[in-house]
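*Asks:* 3D model of this:
(one chain, ligands or ions: 1)
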Amino acid sequence: MVSPFESDNVHIPELIATAARISRRGFGILAADESVPTAGKRLKTVGVENTAENRRAFRELLFTAEGLEDYISGVILFDETMYQRTAGGERFVDCLSRRGILVGTKLDTGLRLIAGTEGETRTGGLDGLGDRVCEYRKDGATFAKWRAVFKIGHAGVPSDRAIRENAQSLARYASICQEHGLVPIVEPELTLGPGDYSIGRAAFESERVLSHVMRAINEAQVVPEAMLLKPSMVLPGLDAPLGESARESVATHTAKVLKRTVPPAVPGVHFLSGGMGAEEATQNLQQLQHEYPDAPWSLSFSYGRALQDAVLKAWSGLEENVPAAQALLLELARVNAQAQLGEWDEVHPTPSSGGLSAGRILLPKLSY
Ligand code: 5MM
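*Replies:* Model (predicted):
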């Protein structure tokens, strides 16, 4: 029995194939959809001005890295980046697509405060969404992303209201994407923030959020085989005692929450890095494969900062640094692709193919 939405929607077979392709084993997603203000914050850390040309130059560095297609199945772009080109005049969209890397685009328009809550947010962007989906599809996108943010505060935060509003807009967005032919990535982020809440509390709140989101997705008749999920890993608050953050514990709690909430029909769960250090993000992804080797979904990555921060630093706005920065990006993509397979050998890593030393890559240190 299929829903009327599913049986009437001619895009569904293509969307199912696209979602499966993005989530194929040994691959993950590069999230490069920073809005202009977020890109500015990142560029500032290396003393580079937030101009359209500097944003373009850094993204060219990322997207033209030779061999990226061996580890990255999809890249998420921001609207501006969808229409930018390499210095040689090729559209970024074409530069990625011709190497088999699928192009996605951020569809949300950012966070708005929910009045009457303690700083909780909802996500904007539903107005005119169908038309925007059609436009991006025509321009080469095959998937999309929408991010809702939840923060863990005192008991009762996230509030029922914030969870309900965000679950409904995530579901509405996903349904509109499928109706007009893009695979929706549904991103309910539980922000890693200050606070001494335990990993158990984080697991409880993650389960609460994800169960509401999946319920709303089901009510909106979104086809689970034709969507992807981008959640946070379950992490304790930044001020929680260190002992609680052992990576087994992160993997155990994360796997448990997913088992309780995500239907096996969803092909891929692509975690955000959410402030984890690059090394920590890779270790936790690897540990998840060991914790849940027979998971019904591909357990993979859709990292922004964990893939980009060290690369941005290596570049620092200088043309002569591009080759070394690209080599670092490839190495980061490679170790995460290996971690997706549960094959990252952090003790005896395979020699770098990117021109770095053959020894263990020095990933940025753990952040908690
Ligand atoms: C890359 O950053 C994305 C866009 O953020 P803004 O809307 O604030 O500019 C963000 O949605 C990102 O895709 C996810 O949060 C994952 O990135 P991280 O850095 O957490 O892996």
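*Asks:* roughly how far does the residue minimising distance to the centre of the chain sit from the ligand?
*Replies:* Central residue of the chain (C-alpha atoms, centre = their mean): S302, 3.1 Å from the mean position. According to C-beta to the nearest ligand atom, to the nearest Å, S302 and the ligand sit 6 Å apart. C-betas here are computed from N, CA, C, even on glycine.
*Asks:* tell me which element that residue falls in.
*Replies:* Taking DSSP states H and E as the definition, one finds S302 inside strand 298-303.
*Asks:* who's in contact with that strand?
*Replies:* Under the contact criterion C-beta atoms under 8 Å, 6 or more residues apart in numbering, strand 298-303 has outside partners 23-25, 27-31, 76, 185, 187, 230, 267-273, 281, 285, 288-289, 292, 307, 336, 339-340.
*Asks:* who is the residue nearest to the centre of the chain paired with across the strands?
*Replies:* The residues paired with S302 through beta bridges, assigned by DSSP bridges, are I29.
*Asks:* quick revisit: after the strand holding S302, next one along is what?
*Replies:* Tracing the chain C-terminally past strand 298-303 and defining elements by DSSP H and E, one meets helix 305-315 next.
*Asks:* only the buried residues of the following helix or strand past that following helix, if you could.
*Replies:* Along the chain past helix 305-315, the next helix or strand (assigned with DSSP H and E) turns out to be helix 322-341. If you call a residue buried by 16 or more other C-beta atoms under 10 Å, then helix 322-341 has these buried ones: 322, 324-340.
*Asks:* ok, now stretch 32-51?
*Replies:* The neighbour-count check on stretch 32-51 (16+ other C-beta under 10 Å) flags 32-34, 39-40, 42-43, 48 as buried.
*Asks:* now it: mean pLDDT?
*Replies:* When pLDDT is averaged over stretch 32-51, the result is 98.
*Asks:* residues from the stretch 51-200 of the chain in reach of the ligand?
*Replies:* Within the stretch 51-200 of the chain, the positions lying close to the ligand (C-beta under 6 Å from any ligand atom) are 110, 147, 189.
*Asks:* in JSON lines: the residues you listed, plus secondary structure, pLDDT and distance to Q84.
*Replies:* As requested, these are exported to JSON lines (DSSP: H, G, I helix; E, B strand; the rest coil; pLDDT from 0 to 100; distance: C-beta to C-beta, whole Å):
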{"residue": "G110", "secondary structure": "coil", "pLDDT": "96", "distance to Q84": "20"}
{"residue": "R147", "secondary structure": "strand", "pLDDT": "98", "distance to Q84": "21"}
{"residue": "E189", "secondary structure": "strand", "pLDDT": "98", "distance to Q84": "26"}
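*Asks:* of those residues, just say which sits nearest to the ligand.
*Replies:* Of all these, the one with the least separation from the ligand (C-beta to the nearest ligand atom) is R147, at 4.3 Å.
*Asks:* find the nearest non-adjacent residue to that closest one, please.
*Replies:* Leaving aside its sequence neighbours, R147 sits nearest to E187 (C-beta to C-beta, 6 or more residues apart in numbering; 4.2 Å).
*Asks:* surely the one you found is within a helix?
*Replies:* No - counting by DSSP: H, G, I helix; E, B strand; the rest coil, E187 is not found in a helix; it is strand.
*Asks:* hmm, S232 and it touching each other?
*Replies:* No - contact status for E187 versus S232: not in contact, 9.0 Å apart, counting by C-beta atoms under 8 Å.
*Asks:* identify the contacts common to these two.
*Replies:* Taking C-beta under 8 Å, 6+ apart as the contact rule, E187 and S232 both touch L272.
*Asks:* what are the boundaries of the helices in the protein?
*Replies:* Assigned helices in the chain, in chain order: 4-8, 12-22, 36-44, 52-63, 79-82, 92-97, 129-138, 160-180, 199-219, 247-261, 278-291, 305-315, 322-341 (criterion: DSSP state H).
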